[in-house]
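> Just a sequence and a predicted model for now, questions to come.
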There are 2 protein chains.
Amino acid sequence: MKKKEARITIKDIAKALNLSAATISRVLSNHPAISESTKKIVNDKVKEMGFSLDPIASSFRSKKTKSIGVICPRIDIDFHSKVISGIEEYAYKKGYQITIFQSHDSYIKETEIVQMLENSLAAGVIICPGLETKRYDHLKKLGKSNIPLVLYDRTSEQLKASKVIINDFEASYNATIHLIQQGCKNLAHIAGNQNVDIFKSRLAGFKKALEQYKLPFQERFFKETKNLTYEEGKEAAEALLLNASIPDGIVCANDYTAAAALKVFRNNGIAIPEKAAIIGFSNYPISSILEPQISTIDDSAYEMGLVAAKILIQQIEDKEMQVLDYQEVIIKTKLIVRGSSDRKQN
Amino acid sequence: MKKKEARITIKDIAKALNLSAATISRVLSNHPAISESTKKIVNDKVKEMGFSLDPIASSFRSKKTKSIGVICPRIDIDFHSKVISGIEEYAYKKGYQITIFQSHDSYIKETEIVQMLENSLAAGVIICPGLETKRYDHLKKLGKSNIPLVLYDRTSEQLKASKVIINDFEASYNATIHLIQQGCKNLAHIAGNQNVDIFKSRLAGFKKALEQYKLPFQERFFKETKNLTYEEGKEAAEALLLNASIPDGIVCANDYTAAAALKVFRNNGIAIPEKAAIIGFSNYPISSILEPQISTIDDSAYEMGLVAAKILIQQIEDKEMQVLDYQEVIIKTKLIVRGSSDRKQN
DNA sequence: ATAACTAATGCAAACAATTGCACAAAATCA
DNA sequence: TGATTTTGTGCAATTGTTTGCATTAGTTAT
């Protein structure tokens, strides 16, 4: 007797109104050939019965989903979690869900995930490629399957695809210029992994600024790290102190290494910013908590996510955007001057 | 002439092997009534043709998905991003995808999201309820729809559901005992929002320790904050200094407020840990970077996510687990003693 | 009034996989 | 040998929505 509490379907609405399922479907997708009057009748009934389309059946039939795959190396890194936050916020507003994966910088896993997203008909993919990724066939394949793609942060010249990046070169250049304007003449750079484009660009920006002011680039003042950890920063800073003369300014490729440099130099009696000015990169929470606060570059991670989602969804939805092959967006960064480099106050 | 490059289906495999689609389906789901020999034949062909099931069609027919909904207040908070990292890692291994939402602590949005997950047949839901959430009908509804649910971090007595939490009471109790053992007699507490259970528990643990050692709980040494921000911590610490006598130990409900207290006290010439010992909560990155490093409680966020995913998937898959109504898991926390409270070294 | 057209709706197929039931062949038993 | 059980496979219905094409009613033109 008891009918099993089943899902309300489009047919139930149709039956209740003596219309066909097709009409209901058309109302729900705003088909132009439906009269205003029936639209109203149907919409009212839909609300009354608390009906909503079965997204799975819908996807099954239309071969389209509302889910965006997001792949990043790790979620629990401040930068990525901010980007994802931006993506989620925009995507949600536009009616998309985001499905998240961590590649842990493994190429194998990355290809696995991409394959899976292709298989499950993702509406689009946003990815920050892993460190191991040198080949991009897996991503090119997405294009062939007509799945729009947006890269963020780490990108490659090799791959023609939409990208959202910050201008690392310019940001680093600006940071360096700032230190020079504070009077620094012997500048050091604590760099990130030079196999990664963005860290190469940061070095290049640093060099460019030196060049412009006819300051020398000194090998002994250049320290590359593998992962820009606090520990590595410490080692790098200690190594800097071993030189006969020490630098009077340090441009660091992130805030952890800047924090480490700050600590090491201070512990060695070098006044910051008077004897050595320091600037970091990324505007991590720590940078505004340390004493003195660390000058840095705000990398606009949240905005990056927002924009990535925005151009992806444009490519998904806007037919006119589909004629264009890909687009590149450069997000503004902001120089944040704080105590670790601001000598003017003296 | 050109056949449109279409997806390979179960029927293609069937045709190629002169079997029925049903058999292929059964092989792929490891149905017991299939002979080993045909299993092998089919599996080989599947590999050869690079076939994989269409997850959408599969979900459509079976009314089951492989996607887990995760709802948290915000992703870009260290704690949550670590939890999510743990969830993702375990879920991925088990073949599930996670779909992430931010409630931004809005009750309305939270119910919207839950409704949506119910509608899209999520395999299960993991949620940290928002601050506004006082009623739990939306979550109870999930149970009625047979969608397993796991809460983490913030929970409620009101709701009978599986939970993964840390023992905030005990952790805070241990932190307080630690300060007492360092010789503190006038203890202060910078607390989180007392409408939130976990912060209430932290206060309770603090009180319990005082009581046990017959130390007084002094109202003037109790400062509640709204969001435990660094700024609020600063105000609270400054307020503490306005008293005729100042505390010689501060138990803070997180590391930001602890960092703020550290700074304020130091700037006022109060030696840490000698004159006042400080302990935080959560083991944020900053706590190990400040000078002195801040003692804290590691909240095992990653492990929390891992376990949440584990018990959720158990409830999804394991029929035997479905007889039990719900389970509660308490994750171990760890007291991390660092410079801000360690007086023994003197 | 009839033809031609437009507007609004219905019909029915299609999508890819799953599953209860039926059935044939093989194995076991009497 | 015939009856019965077991094992392995196939048949065909089913799922909820979308969409090309057909159909009907209503409108306009001739």
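Perfect, I can see it now.
> Can you pull the residues of chain A lying near DNA strand D?
Applying Cβ under 7 Å from any atom of the strand, one finds that chain A approaches DNA strand D through A:6-7, A:9-11, A:21-22, A:25-26, A:28-29, A:53-54, A:57-58, A:60-62. (C-beta placed from N, C-alpha, C; glycine too.)
> Whichever of the residues you listed end up buried, select them in PyMOL.
To isolate the buried members of those in PyMOL, using 16 or more other Cβ atoms under 10 Å in any protein chain shown:
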select buried, chain A and resi 10+25+26+28+54+58+60
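> Now, the residues of chain A next to DNA strand D that are in helices?
Of the residues of chain A next to DNA strand D, the ones assigned to helices by DSSP state H are A:10, A:11, A:21, A:22, A:25, A:26, A:28, A:57, A:58, A:60, A:61, A:62.
> Now do residue A:100 against residue B:97, distance only.
The spacing between residue A:100 and residue B:97, counted by Cβ to Cβ, to the nearest Å, is 8 Å.
> More neighbours: which of the two?
residue A:100 (27 against 22; other Cβ atoms under 10 Å in any protein chain shown).
> What average pLDDT does the helix or strand harbouring the more buried one get?
Using DSSP states H and E, residue A:100 sits in strand A:97-102. For strand A:97-102, mean pLDDT rounds to 98.
> residue boundaries of the helices in chain A?
All helices of chain A, identified by DSSP H, fall at A:10-17, A:21-28, A:36-49, A:55-62, A:78-93, A:107-119, A:137-144, A:168-181, A:197-212, A:230-241, A:255-267, A:301-317.
> can you put these in JSON lines and add mean pLDDT and distance to DNA strand C?
Shown next, in JSON lines, are these (pLDDT from 0 to 100; distance: least, Cβ to the nearest atom of the strand, whole Å):
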{"stretch": "helix A:10-17", "mean pLDDT": "94", "distance to DNA strand C": "7"}
{"stretch": "helix A:21-28", "mean pLDDT": "96", "distance to DNA strand C": "3"}
{"stretch": "helix A:36-49", "mean pLDDT": "94", "distance to DNA strand C": "4"}
{"stretch": "helix A:55-62", "mean pLDDT": "97", "distance to DNA strand C": "4"}
{"stretch": "helix A:78-93", "mean pLDDT": "97", "distance to DNA strand C": "26"}
{"stretch": "helix A:107-119", "mean pLDDT": "97", "distance to DNA strand C": "10"}
{"stretch": "helix A:137-144", "mean pLDDT": "93", "distance to DNA strand C": "17"}
{"stretch": "helix A:168-181", "mean pLDDT": "97", "distance to DNA strand C": "44"}
{"stretch": "helix A:197-212", "mean pLDDT": "96", "distance to DNA strand C": "39"}
{"stretch": "helix A:230-241", "mean pLDDT": "96", "distance to DNA strand C": "48"}
{"stretch": "helix A:255-267", "mean pLDDT": "95", "distance to DNA strand C": "47"}
{"stretch": "helix A:301-317", "mean pLDDT": "96", "distance to DNA strand C": "21"}
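> Any idea which of those gets closest to residue B:139?
helix A:78-93 (19.4 Å; Cβ to Cβ).
> now the angle from that closest one to strand A:97-102?
Angle, helix A:78-93 to strand A:97-102, by axes from the mean of the first three to the mean of the last three Cα atoms, to 10 degrees: 160 degrees.
> Helix A:78-93 to helix B:107-119, inter-axis angle?
Between helix A:78-93 and helix B:107-119, the angle comes out at 80 degrees (the same axes, to 10 degrees).
> what's the spacing between residue A:272 and DNA strand D?
Taking Cβ to the nearest atom of the strand, to the nearest Å as the measure, residue A:272 falls 61 Å from DNA strand D.
> for that residue, what are its contacts?
When contacts are counted by Cβ atoms under 8 Å, 6 or more residues apart in numbering or on different chains, residue A:272 touches A:262, A:265, A:266, A:278, A:292, A:339, A:340.
> do you know how far it is from residue A:246?
According to Cβ to Cβ, residue A:272 and residue A:246 sit 12 Å apart.
> How many neighbouring residues does residue A:77 have?
Neighbour tally, residue A:77, other Cβ under 10 Å: 17.
> And for residue A:318?
Around residue A:318 there are 11 other residues, counting by other Cβ under 10 Å.
> Nearest to chain B: which residue in the stretch 201-346 of chain A?
residue A:286 (4.7 Å; Cβ to the nearest Cβ).
> In space, what's closest to that residue - neighbours in sequence excluded?
Leaving aside its chain neighbours, residue A:286 sits nearest to residue B:286 (4.7 Å; criterion: Cβ to Cβ, 6 or more residues apart in numbering or on different chains).
> show me what contacts that neighbour?
By Cβ under 8 Å, 6+ apart, the residues touching residue B:286 are A:285, A:286, A:289, B:255, B:256, B:259, B:294.
> Kindly give a single PyMOL line that selects the buried subset of those residues.
Those of the contacts of residue B:286 that count as buried under 16+ other Cβ under 10 Å are selected in PyMOL with:
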select buried, (chain A and resi 286+289) or (chain B and resi 255+256+259+294)
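> Return the member of the contacts of residue B:286 nearest to residue B:15.
Set against residue B:15, the nearest of those by Cβ to Cβ is residue A:285 (59.3 Å).
> That closest one - nearest residue in space that isn't next to it in sequence?
Distance criterion Cβ to Cβ, 6+ apart; nearest residue to residue A:285, sequence neighbours excluded, is residue B:286 at 6.4 Å.
> In the stretch 101-250 of chain A, what residue lies closest to DNA strand D?
Per Cβ to the nearest atom of the strand, the residue of the stretch 101-250 of chain A with the smallest distance to DNA strand D is residue A:121, at 13.8 Å.
> burial count for the closest residue to that residue other than its chain neighbours?
Distance criterion Cβ to Cβ, 6+ apart; nearest residue to residue A:121, sequence neighbours excluded, is residue A:65 at 5.1 Å. Here the number of neighbours of residue A:65 (other Cβ under 10 Å) works out to 21.
> you'd agree residue A:65 is up against residue A:59?
Yes: counting by Cβ atoms under 8 Å, residue A:65 does reach residue A:59; the two are 4.7 Å apart.
> can you list residues touching both of those two?
Any residue near both residue A:65 and residue A:59 by Cβ under 8 Å, 6+ apart counts here, and that gives A:121, B:56.
> contacting residues for residue A:128?
By Cβ under 8 Å, 6+ apart, the residues touching residue A:128 are A:71, A:72, A:73, A:80, A:83, A:151, A:152, A:153, A:154.
> sorry, back to before: closest one to residue B:147 out of the contacts of residue A:272, please.
The closest of these, once distances to residue B:147 are taken by Cβ to Cβ, is residue A:262, at 49.6 Å.
> Pull the number of nearby residues for residue A:271.
If you count neighbours by other Cβ under 10 Å, residue A:271 ends up with 9.
> From residue A:12, how far out is it?
In terms of Cβ to Cβ, residue A:271 sits 76 Å off from residue A:12.
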